[in-house]
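S.K.: sequence first, predicted model second:
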Amino acid sequence: MIDDDYDIVIIGSGLGGLTAASLLSRKGFKILVVESRSRVGGRFSTFEYEGFKLPTGAILIPDGWVIKLLEEMGINIDNLRPITRVFYRIDGKRYEIPPDIGVPKALDIIDKLEREDAEKKKRPMKPVELSKIMRGYYKKMRGIKQEEIITVRDWLLQYTENEKVHDAFDTLCTGLMMAHSWELPISKFFLFQEMTKFYITPNGNISIAEELANVVRKNGAVWTNCSVRKIIINDGRATGVIVEKGGEQLEVKCKVVISNTGAKTTVDLAGKEHFNDEYLKNMRIKLRPSPCLLVLVASDKPLCLEGIDDGLEIIMGSRRIKTVIPISNICPELVPTGQHLFYTSAKSESTLHPMDVKYEMEQVKLDIKEFYPDFEKYGRILKMRACGIINEWPEGRTWLCYGMPLETPITNLFNVGDSCITPGLIGTPGSVESGYRVAEIAEKVL
Ligand SMILES: Cc1cc2nc3c(=O)[nH]c(=O)nc-3n(C[C@H](O)[C@H](O)[C@H](O)COP(=O)(O)OP(=O)(O)OC[C@H]3O[C@@H](n4cnc5c(N)ncnc54)[C@H](O)[C@@H]3O)c2cc1C
């Protein structure tokens, strides 16, 4: 069977795919989005479990690109709940630090604690060297040399060996850049575009994904439970896709194909033989899918930041869990009455290798018991899911500043999503921004 009624086919309804689809749909192009799962949104969606509305991946929506898209699409953002307060746990004590001065202030606190502890125990200081670090920090922010390939950790070792300071930088790297401080080059670290305000949606991210899909449906279609099995290439040009729909193979012809499946899967779907060595080499070097454990903890009483409905907690000195988001404090609509929920994601010691899932889960459980002592009495792990290199559901398809180009060697075949992030962006803003770029390219092509 052949269907040739579409200008553009978009493979996958992740945030990048839906951004491109909704923007192009608004421009009057007829779009087909094909999604293999039963719901839209990919790693920016929601599933129901025991009465809880749980995230499939992302929970925090940083201010910026996502909000810009929603506003442009006329999607109501008034009900988004802002998170403006950040609490650090350092040496077991909680400190509130404004997000815009997070690193210097945290280092200042570590410096004071180190002095006090050294004095009390009459031991030598392990200097934090705050002023030296900050001088180096601001110097680097003014001029980064791309050729500097030393890691963040090595850069920091120039100034200090203090392990709490190293932990603070590693927390920043794993939380926002998809790699550890001993993996990420310092030149990439300083390109990061800071995020200081985040939102959570009280209806779950699927509500946003559905609204974007509705924009597409007005002038096109969104097929769920349908998988693209092949991208059709004729004379070096993408001319359509083969879709499995209701047990049948259907050929859909189109002028442009945009893949939201990740650059590697795009190659598999189109056939490696159509890609030149340069592209494949670039992909081997650049794509660094970052694994994590997505952890959701339910409880009969609030375990994290009780009474605070606009904050999150960053834990220093933990084994694995770093950023903890008390979802039910912020959006009680997402949990059943009388229940509470917090969310965290945990990175193993290497983001380059598949994780030992059983071992990593044990480390997470030890952290939860240590930092939330009431967990044993009132809490339970609702879900703990490995988002890994192997299962193709990573926290990010690559590290900060390692994005692939949107263009492929095949005419009219493009990628979108977080395998193609622009330098400095990551996560949902990175995916949305790639959607804007690909929509512009596709419009020109058509
Ligand atoms: C645990 C976790 C926590 C995260 N936390 C945050 C956070 O708090 N904030 C943030 O900004 N980002 C976060 N992220 C990252 C964020 O979720 C992603 O960067 C973003 O959602 C990726 O969007 P994407 O456009 O790349 O598409 P994806 O979400 O990767 O969607 C791709 C879609 O393509 C579909 N697909 C694949 N193959 C086919 C095929 N052959 N045919 C049809 N469909 C196909 C898939 O089913 C999927 O729906 C997190 C991610 C994870 C996993």
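M.R.: On my side now, so go ahead. Remember, predicted model here, so these are calculated numbers, not experimental data.
S.K.: OK, contacts around P55?
M.R.: S45, T46, G204, N205, L294, Y343 (Cβ atoms under 8 Å, 6 or more residues apart in numbering). (Glycine included, C-beta is placed from N, CA and C.)
S.K.: filter those down to the ones in strands?
M.R.: T46, L294, Y343 (DSSP state E).
S.K.: also near the ligand: which of the residues you listed, exactly?
M.R.: The subset of the ones in strands among the contacts of P55 within reach of the ligand, counting by Cβ under 6 Å from any ligand atom, consists of L294.
S.K.: which member of the ones in strands among the contacts of P55 is positioned nearest the ligand?
M.R.: Nearest to the ligand among the ones in strands among the contacts of P55, counting by Cβ to the nearest ligand atom, is L294 at 3.8 Å.
S.K.: can you tell me the helix or strand for the closest residue to the closest one other than its chain neighbours?
M.R.: Nearest residue to L294, sequence neighbours excluded (Cβ to Cβ, 6 or more residues apart in numbering): R385, at 4.7 Å. If you go by DSSP states H and E, R385 is part of strand 379-387.
S.K.: same question, E114
M.R.: E114 belongs to helix 102-121, assigned by DSSP H and E.
S.K.: contact residues of the stretch 301-446 of the chain facing the ligand?
M.R.: S345, C387, W393, E395, G396, G417, D418, G427, T428, S431.
S.K.: ok so, going back, can you tell me the average pLDDT over the very next helix or strand once past the helix holding E114?
M.R.: Beyond helix 102-121 on the C-terminal side, the first helix or strand identified by DSSP H and E is helix 130-142. When pLDDT is averaged along helix 130-142, the result is 80.
S.K.: which other helices and strands contact whatever helix or strand comes next after helix 130-142?
M.R.: Counting by DSSP H and E, the next helix or strand C-terminal to helix 130-142 is helix 152-157. When contacts are defined as 3 or more Cβ pairs under 8 Å, 6 or more residues apart in numbering; DSSP states H and E, helix 152-157 sits against helix 130-142, helix 163-176, helix 186-189.
S.K.: out of these, which comes closest to D374?
M.R.: With Cβ to Cβ as the measure, helix 163-176 is the member of those nearest D374 (23.6 Å).
S.K.: quick one, that closest one and helix 130-142 angle?
M.R.: Here helix 163-176 runs at 30 degrees with respect to helix 130-142, directions being taken by axes from the mean of the first three to the mean of the last three Cα atoms, to 10 degrees.
S.K.: contacting residues for I97?
M.R.: V86, F87, Y88, K105, A106, I109.
S.K.: quick one: it and K105, what's the gap?
M.R.: Distance of I97 to K105, computed by Cβ to Cβ, to the nearest Å: 5 Å.
S.K.: and S350, by the same measure?
M.R.: S350 is 30 Å from K105, by Cβ to Cβ.
S.K.: what about the two, which has more around it?
M.R.: Taking other Cβ atoms under 10 Å, S350 and K105 do not tie; K105 has more neighbours (17 against 13).
S.K.: returning to what we had before: adding distance to L269, write the contacts of I97 out as a markdown table.
M.R.: Output for those, formatted as a markdown table (distance: Cβ to Cβ, whole Å):
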| residue | distance to L269 |
| --- | --- |
| V86 | 41 |
| F87 | 44 |
| Y88 | 44 |
| K105 | 47 |
| A106 | 44 |
| I109 | 50 |
